[in-house]
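Asker: sharing a model that was predicted from the sequence below.
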Amino acid sequence: MIRVATLASVLALMCSAAAVAAESTTVKTVQMPAAAPFFGDRFSGGRDLPVAAGVRAVVAVAAPVEREGAAAAPALRAETTVASDIVRIGDLIDNAGAVAEMPIFRAPDLGQVGSVPTSRVIEAVRMHLTVALDTRGIAEVVVRRSSRAITAKDIEARLLRALAGQQGLADAANLTVTFDNEVRTLQVETGASAELQVARLTFEPRNGRFDVAFELPGSAAARKLPLRFTGSVAETFEALVPTRPLAQGDVLKAGDLTVVRRPKAEYAPNVIVDAERAIGLTPRRALRPGQVIRQSDVAKPEVVARNETVTISYEVPGILLTIRGQAQEAGAQGDLINVVNVQTKRTIQATITGPGRVSVAAASARLANAAPTLPSNSAR
């Protein structure tokens, strides 16, 4: 006996067949386990959350055909940034609609980055979305937790402002702070924009030791951070130092020098601070990197050596006389040195004008005695 199918059963069979056909012609679906309490899951910086083998690959869900005027379908984001400690559906999915504020994961720590596989996102949201999710071919979602970074420089600057005016201390610009322990960058909420406040400060002028504790109004994270610091403060000054080993005779260039702050104990009146005052000079002796450069450490480069043969020139309007001489001492350009006239064997004073060249002033009495002996064929 053959039972005649009712209209309802026929329609049910047709729908079932259509679903099977759709599965065989569109993107293959993946069987997921029952929903789990993802709210307790937490991103870990640089590591994926635990996921069962076989579901690490991209999970694509067919998007519904959009009708004209219909709302855009939910679509997965490749990355997102959150400010709170909770990741909501709307943080990970565009066009999430009424369920956008639904929490599904805990966020990474402040200032950290985490990731979650697409399969875990699908499993977490499937109970809340009534339409299919377009994964856009994304394998995992990257989540950043925004934060305000408080660096060691920030802490140092705040401490110096707190110490300003303390007995025996110089201007804050001339102070250097040395902490007893490494100061790591602290991450707090972006909304905690207030300045660090000094909760307690002790300072000993005799040795520069300090003990300070800070607090940050409006920050719950700051209450869990180590905001007590100890160390010392020293007065410093600016000084010019070499950036590389310098040998005697090297000509100093801008790239060889830098300005640093050094302890006040190393200060001397002849310390060079401005690099322009040293460029073009040469060390009188070898200088090591970081060594404070003083005026006595450098000089103009020698262009005439002792006992070097030089050309002596004497010039007046319309006449230029030259003769050979011998330098009795070394010197740099512009230096006044003693030179022997090799013809008369007399010693005269001449100014170094360049390598191997010196000149005699017209008013020099010594030159007046030596001038008649100069060769006349060099006149012009």
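Answerer: Received the coordinates, thanks.

Asker: mind listing the helices for this structure?
Answerer: 7-25, 89-92, 118-125, 152-163, 365-370 (DSSP state H).

Asker: lowest average confidence across those helices, which one?
Answerer: Lowest mean pLDDT of the helices of the chain: helix 7-25, a mean of 37.

Asker: in the protein, where is pLDDT below threshold?
Answerer: 1-71, 165-168, 170, 362-380 (pLDDT under 70).

Asker: ok, 50 please
Answerer: For the chain, residues meeting the criterion pLDDT under 50 lie at 1-41, 44-66, 69, 365-380.

Asker: can you dump the C-alpha coordinates of the top strand by length along the chain into PDB?
Answerer: Scanning the chain for the longest strand, with DSSP state E as the assignment, gives strand 228-242. The C-alpha trace of strand 228-242 is given here as PDB (Å, rounded to 0.1, in the frame of the first residue of the first chain):
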ATOM      1  CA  ARG A 228      57.700  53.200  43.900                       C
ATOM      2  CA  PHE A 229      61.200  54.000  42.700                       C
ATOM      3  CA  THR A 230      64.500  54.600  44.400                       C
ATOM      4  CA  GLY A 231      67.800  55.900  43.100                       C
ATOM      5  CA  SER A 232      70.000  59.000  43.000                       C
ATOM      6  CA  VAL A 233      70.100  62.400  41.400                       C
ATOM      7  CA  ALA A 234      73.300  64.100  40.300                       C
ATOM      8  CA  GLU A 235      74.100  67.500  38.800                       C
ATOM      9  CA  THR A 236      75.500  67.300  35.300                       C
ATOM     10  CA  PHE A 237      76.800  69.600  32.500                       C
ATOM     11  CA  GLU A 238      77.000  69.400  28.800                       C
ATOM     12  CA  ALA A 239      80.300  68.400  27.200                       C
ATOM     13  CA  LEU A 240      81.600  67.400  23.800                       C
ATOM     14  CA  VAL A 241      83.000  63.900  23.500                       C
ATOM     15  CA  PRO A 242      84.300  61.700  20.600                       C
END
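
Asker: show me what it is packed up against.
Answerer: helix 152-163, strand 175-179, strand 209-215, strand 257-263 (3 or more Cβ pairs under 8 Å, 6 or more residues apart in numbering; DSSP states H and E). Heads up, the C-betas are built off the backbone N, CA and C, glycines and all.

Asker: what comes up buried for the second one?
Answerer: If I follow you right, that is strand 175-179. In terms of neighbour count (16 or more other Cβ atoms under 10 Å), strand 175-179 has its buried residues at Leu175, Thr176, Val177.

Asker: report the angle between that strand and helix 152-163.
Answerer: Relative orientation of strand 175-179 versus helix 152-163 (axes from the mean of the first three to the mean of the last three Cα atoms, to 10 degrees): 120 degrees.

Asker: neighbouring strands of strand 175-179 in the sheet, and parallel or not?
Answerer: Strands that pair with strand 175-179, judged by DSSP bridges, come out as strand 228-242 (antiparallel).

Asker: quick one, the strand it pairs with and strand 257-263 angle?
Answerer: Between the axes of strand 228-242 and strand 257-263, defined by the same axes, to 10 degrees, the angle is 140 degrees.

Asker: would you mind naming the residues that bridge with the residue nearest to Thr81 when sequence neighbours are not counted?
Answerer: Nearest residue to Thr81 in three dimensions, chain neighbours excluded: Arg144, at 4.5 Å (Cβ to Cβ, 6 or more residues apart in numbering). Note on Arg144: beta-bridge partners by DSSP bridges are Thr81, Val113.

Asker: adding distance to Ile348, write the buried residues of strand 175-179 out as JSON lines.
Answerer: Formatted as JSON lines, the buried residues of strand 175-179 follow (distance: Cβ to Cβ, whole Å):
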{"residue": "Leu175", "distance to Ile348": "56"}
{"residue": "Thr176", "distance to Ile348": "54"}
{"residue": "Val177", "distance to Ile348": "60"}
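
Asker: and the residues you listed, which is closest to Leu159?
Answerer: Using Cβ to Cβ, Val177 comes nearest to Leu159 of those, at 6.1 Å.

Asker: so that closest one makes contact with Leu159?
Answerer: Yes: Val177 lies in contact with Leu159 (Cβ atoms under 8 Å); the separation is 6.1 Å.

Asker: anything in contact with each of these two?
Answerer: Residues touching both Val177 and Leu159 by Cβ atoms under 8 Å, 6 or more residues apart in numbering: Val233.

Asker: distance check, the residue lying closest to Arg294 once chain neighbours are set aside against Gln295.
Answerer: Residue nearest to Arg294 in three dimensions, not counting chain neighbours: Asn270, with 4.7 Å by Cβ to Cβ, 6+ apart. Between Asn270 and Gln295 the distance is 4 Å, computed by Cβ to Cβ, to the nearest Å.

Asker: kindly report the same for Ile104.
Answerer: Distance from Ile104 to Gln295, by Cβ to Cβ: 70 Å.

Asker: one more: Thr243?
Answerer: 19 Å.

Asker: same thing with Arg106?
Answerer: Counting by Cβ to Cβ, the gap from Arg106 to Gln295 is 63 Å.

Asker: of these two, which one has the most company?
Answerer: Ranked by neighbour count (other Cβ atoms under 10 Å), Arg106 and Gln295 place Arg106 first, with 17 against 14.

Asker: what sits opposite the more buried one in the beta ladder?
Answerer: In this structure, Arg106 bridges to Arg42, Ile86 when assessed by DSSP bridges.

Asker: pretty sure it contacts Val82?
Answerer: No: taking contacts as Cβ under 8 Å, Arg106 lies outside contact range of Val82: 10.2 Å.

Asker: sorry, back to before: let me know the closest of the buried residues of strand 175-179 to Asp91.
Answerer: Proximity of these to Asp91 (Cβ to Cβ) peaks at Val177, which lies at 40.1 Å.

Asker: show the contacting residues for that closest one.
Answerer: Counting by Cβ under 8 Å, 6+ apart, Val177 touches Glu156, Leu159, Leu160, Gly231, Ser232, Val233.
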